[in-house]
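Student: Below is the sequence, then the predicted model.
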Amino acid sequence: MNFQIKSIEDYQLAYKKSVDEPEEFWAEIASHFHWRKKWDKVLEWNFEEPKIEWFKGAKLNITENCLDRHLADKADQPAIIWESNDPTEHHRVLTYKQLHQKVSLFANVLKNNGVRKGDRVCIYMPMVPELAVAVLACARMGAIHSVVFGGFSAQSIADRIKDAQCEMVITADGGFRGAKDIPLKNVIDDALVQCPSVKTVIVLTRTRTPISMIKGRDVWWEDEIRKVETLGLLECEAEEMDAEDELFILYTSGSTGKPKGVVHTCGGYMVYAGYTFQNVFQYNPGDVYFCTADIGWITGHSYIIYGPLAMGATTLMFEGVPTYPDAGRFWDIVDKYKVNTLYTAPTAIRSLMQSGLDFVKDKDLSSLKVLGSVGEPINEEAWHWYDENIGKKNCPIVDTWWQTETGGIMITPLAGITKTKPSFATLPLPGIQPVLVDEKGEEILGNNVSGNLCIKFPWPGMIRTTYGDHERCRQNYFATYHNMYFTGDGCLRDEDGYYRITGRVDDVINVSGHRIGTAEVENAINMFSDVIESAVVGYPHEIKGQGIYAFVILNHPSDDEELARKDIAVTVSRIIGPIARPDKIQFVTGLPKTRSGKIMRRILRKIAEGDLENLGDISTLLDPSVVEQIKNEKL
Ligand code: PRX
């Protein structure tokens, strides 16, 4: 690919061009992709509405870029290598040719089951190659996929299905994750009680646990494949999509209420995912690239499926967890497939670090060339452990900052090119114009400063809308600061102009790299029958980065507090999913509130962090005495 940046000078030139002539810059990059018809205009935008249109008038199908165009020279190269949860189960390899065939067949299955261009399809599957096939098949025939992570509850899935009015669900009987079997189809059955829009459920066989199959609604993946094969529907011409047609919806948490459906569109997202993948990881043909994320999150969308496949890479997909059957599993996989690039999350690094070096010492990690980190701030200790014990001080670490809404990586070192600095995401990619702003929305210039991180110019991978509610998108991202996209993150810029993300400045917590809204957790806790009120904040957690700390007022303080805690945790698991279970629940008789009734989260955050001496001014509270009680009974 000749848009590859090869040196820091290349980077500086590209960066300058991207700011001086953004349209020319992106048009040049986009010209390396396959379009059925080129664009009439590269960019049209305003952040007021917001309206963001990239490559307007262009026609394409992202799967022609991810599959068809590689058939000429990479037909027999592995596109996906799959490693099972169970190390004794044989791995699978899908070459570009095989993946193309499977995606085409399954796209015909979707059509045969009544899915049409523009329909929404919910995907709730384990990390098996068929998940990638399902995602790409939707993209091929123009359906909009909405992948939901396997750790969400029936209620969360139902909320997402209803919000997007999905017509179909693709799932599996179950999924293997570590020592657990996840009953995916049962969860879907529970969710669908609330979802009349869903006409068909396609069920893949994975665990073969007994499940219900409802006549007229549920069909088996394997049977449906046989049907289209019998009909001779082996090929599926890719649907011609407009650059701004919706490609997918991915739900993520914000500071208020329900999760929102972040919408990405076909053209800009493709260009951005491909360009960033190629440059950040400095991928070379033939390299084996392993991203440990789940496809249920944006990292899996952009950097297991779309980015790597758009660039003709070999992407390794792992079904299991880093600690099963033991804490050496990632290193076994690196050794077994001679992985060249490993992209994982600080939580995983911290947890493996705690397991000790015995799990690393006999593994051959010499194939590794590049290490990546994503999802949360990486602390220096974890950074050094990763650098020394995994990279053997020989592999650049790319600490990549980005978000579901940004579609792809935004601030990051380029592997082997940008000088790294522990816990710094370093410099913006070409095309990305970060600014730090103060509370009043004034841009903070110069270095050695900190503020709220905004982006002042559009980039192709950015969010277009929140599904079904454009005003919400405006409110969330474009209303806080005039003419800027607000990230929700705090950030500092050091003397070298390097960026370090310090964490969320809104009411979102980042637990093991999973974004969780405190309001969502509060709503779930408040559904417990005896709860009067609750307040949830994050606190520093050794492994998870942040843990969930809940302050809860019960109507009838319980004799058995432990049991009450468990009941509340189970309630939260039911309403949101196990990923949102509070780590600590402290029962209190009152919450610190202002005279106007607003909960002073700042004080609760300090208490949860254990910073009891610096609570600030509490004299404006309605009842300052509650603070003493909460402090004294802190967990
Ligand atoms: O707070 C930032 C943190 O994760 C948030 C985005 O979460 P999500 O949309 O789930 O996407 C995660 C995967 C891209 C950000 O607002 N975050 C992400 N990457 C980093 C990070 N914080 C610090 N350093 C990072 N490298």
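Tutor: Looks like it came in fine. Residues are numbered from 1 along each chain as shown.

Student: Need the per-residue pLDDT for the residue in the stretch 1-150 of the chain that the ligand sits nearest to.
Tutor: Using C-beta to the nearest ligand atom, the closest approach of the stretch 1-150 of the chain to the ligand is made by Phe149 at 10.3 Å. Just so you know, the C-beta spots here come from the backbone N, C-alpha and C atoms, and that holds for glycine as well. Model confidence at Phe149, given as pLDDT, is 96.

Student: how far out from the middle of the chain is the worst-scoring helix or strand of the chain on mean pLDDT?
Tutor: Here the helix or strand of the chain ranked lowest by mean pLDDT, DSSP states H and E is helix 625-632, holding a mean of 91. Using C-alpha atoms, centre = their mean, to the nearest Å, the mean C-alpha position of helix 625-632 is found 38 Å from that of the whole chain.

Student: Report all helices and strands that that helix contacts.
Tutor: With contacts taken as 3 or more C-beta pairs under 8 Å, 6 or more residues apart in numbering; DSSP states H and E, helix 625-632 sits against helix 601-609.

Student: My read is that Ala564 contacts Val570, right?
Tutor: No - counting by C-beta atoms under 8 Å, Val570 is not a contact partner of Ala564; they are 10.9 Å apart.

Student: Of those two, give the one with the bigger neighbour count.
Tutor: Neighbour totals were compared for Ala564 and Val570, and Ala564 leads with 20 against 13 (other C-beta atoms under 10 Å).

Student: show me the contacts for the residue lying closest to Ile579 once chain neighbours are set aside.
Tutor: Using C-beta to C-beta, 6 or more residues apart in numbering and skipping the chain neighbours, the partner closest in space to Ile579 is Gly151 (4.6 Å). For Gly151, the contacting residues are 296, 577-579, by C-beta atoms under 8 Å, 6 or more residues apart in numbering.

Student: What is the three-state secondary structure of Gly151?
Tutor: Using DSSP: H, G, I helix; E, B strand; the rest coil, the structure places Gly151 in coil.

Student: what's the helix or strand for the closest residue in space to Lys606 that isn't next to it in sequence?
Tutor: Excluding its sequence neighbours, the residue lying closest to Lys606 (C-beta to C-beta, 6+ apart) is Leu615, at 5.3 Å. Using DSSP states H and E, Leu615 sits in no helix or strand.

Student: Could you verify my assumption that Tyr499 touches Cys491?
Tutor: Yes - assessed by C-beta under 8 Å, Tyr499 is found in contact with Cys491 at 5.7 Å.

Student: which residues are common contacts for the two?
Tutor: Common contacts of Tyr499 and Cys491 (C-beta under 8 Å, 6+ apart): 434, 453.

Student: Check which helix or strand Glu522 maps to.
Tutor: Judged by DSSP H and E, Glu522 forms part of helix 518-526.

Student: for Leu71, same thing?
Tutor: helix 71-74.

Student: Can you point out the buried residues in that helix?
Tutor: If you call a residue buried by 16 or more other C-beta atoms under 10 Å, then helix 71-74 has these buried ones: Lys74.

Student: when you give positions from now on, start the count at 640
Tutor: Okay, residue one is now 640; in that scheme the one you just asked about reads as helix 710-713.

Student: And that helix, what does it pack against?
Tutor: helix 735-751.

Student: next SSE after the helix it packs on?
Tutor: Once the chain leaves helix 735-751, the next helix or strand it forms, by DSSP H and E, is strand 759-763.

Student: for the helix or strand following that following strand, what is the average pLDDT?
Tutor: Proceeding C-terminally, strand 759-763 gives way to helix 768-780 as the next helix or strand, assigned by DSSP H and E. Looking at helix 768-780 alone, the average pLDDT works out to 98.

Student: Please save the CA atoms from helix 768-780 in CSV.
Tutor: In CSV, the C-alpha atoms belonging to helix 768-780 read as follows (Å, rounded to 0.1, in the frame of the first residue of the first chain):
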residue,chain,number,x,y,z
PRO,A,768,-15.5,-17.6,12.5
GLU,A,769,-19.2,-17.7,11.7
LEU,A,770,-19.6,-14.4,13.7
ALA,A,771,-17.2,-12.7,11.2
VAL,A,772,-19.1,-14.4,8.4
ALA,A,773,-22.5,-13.1,9.7
VAL,A,774,-21.1,-9.6,10.1
LEU,A,775,-19.7,-9.6,6.5
ALA,A,776,-22.7,-11.2,5.0
CYS,A,777,-24.9,-8.4,6.4
ALA,A,778,-22.5,-5.9,4.9
ARG,A,779,-22.5,-7.7,1.6
MET,A,780,-26.2,-7.7,1.1
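
Student: before we move on, the earlier item: neighbouring contacts of the helix holding Leu710?
Tutor: 735-736, 739, 951.

Student: So which residues of the stretch 940-1089 of the chain form strands?
Tutor: 953-957, 980-983, 1009-1013, 1036-1039, 1073-1076, 1082-1083, 1088-1094 (DSSP state E, counting those that start in this stretch).

Student: ok, the third one: who's next to it in the sheet?
Tutor: Looking at strand 1009-1013 with DSSP bridges, its partner strands are strand 980-983 (parallel), strand 1036-1039 (parallel).

Student: Contacts for it next, please.
Tutor: 919-921, 930, 932, 938, 979-985, 988, 1022, 1025-1026, 1029-1030, 1034-1039, 1041, 1048, 1054-1055, 1152.
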